[in-house]
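Peer 1: Whatever this is, show me its structure:
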Amino acid sequence: MPLFSTRRHHPHPASYSNTSRRRERYYHRRDPDHVAGGYRAALANPNTTSAGRRHAKHELRAMGRSTHVPFMTKVKRTLGIRSTPRRKREQEKHYERGHRLRRRY
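Peer 2: The predicted structure follows:
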């Protein structure tokens with residue numbers, strides 16, 4: 001038996017039931033809308049690889065969802081244009097970093 005085992009040993013398979021596991025799966029199930037939203041975001045993200053886009057499209061089609069990406073999103077992705085200009089992002093990041101350092105508890 002491994003030294004750092006994560007599996008619990010049950011002496012007898014009949015000594016426990018799967019009811020709690022079934023219940024746990026029900027409450028911790030992935031929300032299909034959130035999953036689809038993640039795949040849609042991957043299609044619009046300029047940093048996503050072409051293989052990643054293919055996978056996202058495949059999964060969305062398997063879910064019966066639309067894989068349409070607006071034309072302007074494709075243009076922005078091709079040109080590397082982001083919704084927030086880099087200079088503004090850098091300024092905000094610099095401000096937040098300085099603001100965190102000045103805070104006293």
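
Peer 1: so what's residue 32 up against?
Peer 2: Taking C-beta atoms under 8 Å, 6 or more residues apart in numbering, we find residue 32 in contact with residue 63. Where C-beta positions appear, they are placed from N, C-alpha and C, glycine not excepted.

Peer 1: Now the closest residue to residue 63 other than its chain neighbours. Its backbone dihedrals?
Peer 2: In space, and not counting its chain neighbours, residue 63 is closest to residue 36: 5.8 Å by C-beta to C-beta, 6 or more residues apart in numbering. Torsion angles at residue 36 (phi, psi; degrees, to the nearest 10) stand at phi -60, psi -40.

Peer 1: thinking residue 36 is in contact with residue 67, fair?
Peer 2: No. Contact criterion C-beta atoms under 8 Å: residue 36 and residue 67 do not qualify, at 10.2 Å.

Peer 1: so what sits against both of these two?
Peer 2: Residues touching both residue 36 and residue 67 by C-beta under 8 Å, 6+ apart: residue 60.
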